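In: predicted coordinates and the sequence they were generated for:
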Amino acid sequence: MTDRRILLALATAKRRTGSAIATALNLGRNTVQTRLTRLENEVLENPDRRIPPAALGYGLLSFIELHVDQRYLEEITAKLATIPEVLEAHGLTGNADILVRVAAKDAEQLFGVHGQLLHIEGVNRADSALSMAQLVPYRTTALLRHCIKNSN
């Protein structure tokens, strides 16, 4: 419960020191600092998740479903990790096998990345969908509040 309260305090403020969180949550500064260190090592994602690709000039976002030969899944995953425009990839159930989130500067670059994906051994097909607008941004604050509320 305390960890969730600390995470919520972090999520609801751009910059918050351990001391400020300790004061806001009525906890000891050392307790908060110890837990923050552990959370940073075990729970919190890599800080690069905070940098929107559009801020780097990559304003085009696409979700690409890959249909693959499962025998090559490990090799495909390794190749995906070498393509800088690939922001993340998820294994799926259903018709497609992998969902790849790709950032590109423009349609021409996206076309090139799409071609790279198709040239990976074991990739049979790639279906793209462009993101027109982010309707609900990535978030966990609502989930944290829900967890705290339902843990009492």
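Out: That came through, no problem.

In: the chain: helices as residue ranges?
Out: 2-11, 18-25, 29-42, 73-80, 107-118, 141-150 (DSSP state H).

In: contacts for the second one, please.
Out: The contact list for helix 18-25 (CB atoms under 8 Å, 6 or more residues apart in numbering) reads 2, 5-6, 9-10, 13, 16, 27-29, 31-33, 36. For every residue, glycine as well, the C-beta is placed using N, CA and C.

In: now the longest one
Out: Surrounding helix 29-42, the residues in contact under the criterion CB under 8 Å, 6+ apart are 2-3, 6-7, 10, 18-19, 21-22, 25.

In: what are the buried residues along that helix?
Out: Using 16 or more other CB atoms under 10 Å as the test for burial, helix 29-42 gives 32, 35-36.

In: what of the first one?
Out: Judged by neighbour count (16+ other CB under 10 Å), helix 2-11 contains these buried residues: 5-10.

In: other SSEs contacting it?
Out: Taking 3 or more CB pairs under 8 Å, 6 or more residues apart in numbering; DSSP states H and E as the contact definition, the neighbouring helices and strands of helix 2-11 are helix 18-25, helix 29-42, helix 141-150.

In: how far off centre is it?
Out: 19 Å (CA atoms, centre = their mean, to the nearest Å).

In: how near is residue 134 to residue 76?
Out: When distance is defined by CB to CB, to the nearest Å, residue 134 is 27 Å away from residue 76.

In: those two: who's more crowded?
Out: The residue with more neighbours, out of residue 134 and residue 76, is residue 76; 23 against 10, by other CB atoms under 10 Å.

In: what's near enough to touch that one?
Out: Residues counted as contacts of residue 76 (CB under 8 Å, 6+ apart) are 66, 68, 98, 120-123.

In: beta partners of residue 125?
Out: Counting by DSSP bridges, residue 125 is bridged to residue 67.

In: can you add distance to residue 81 and pLDDT and give the buried residues of helix 29-42 back as TSV?
Out: Supplementary listing: those in TSV, determined by distance: CB to CB, whole Å; pLDDT from 0 to 100:
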residue	distance to residue 81	pLDDT
32	35	90
35	31	89
36	29	86
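
In: would you reformat the residues you listed as a markdown table and include distance to residue 114?
Out: Supplementary listing: the buried residues of helix 29-42 in a markdown table, determined by distance: CB to CB, whole Å:
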| residue | distance to residue 114 |
| --- | --- |
| 32 | 46 |
| 35 | 44 |
| 36 | 41 |
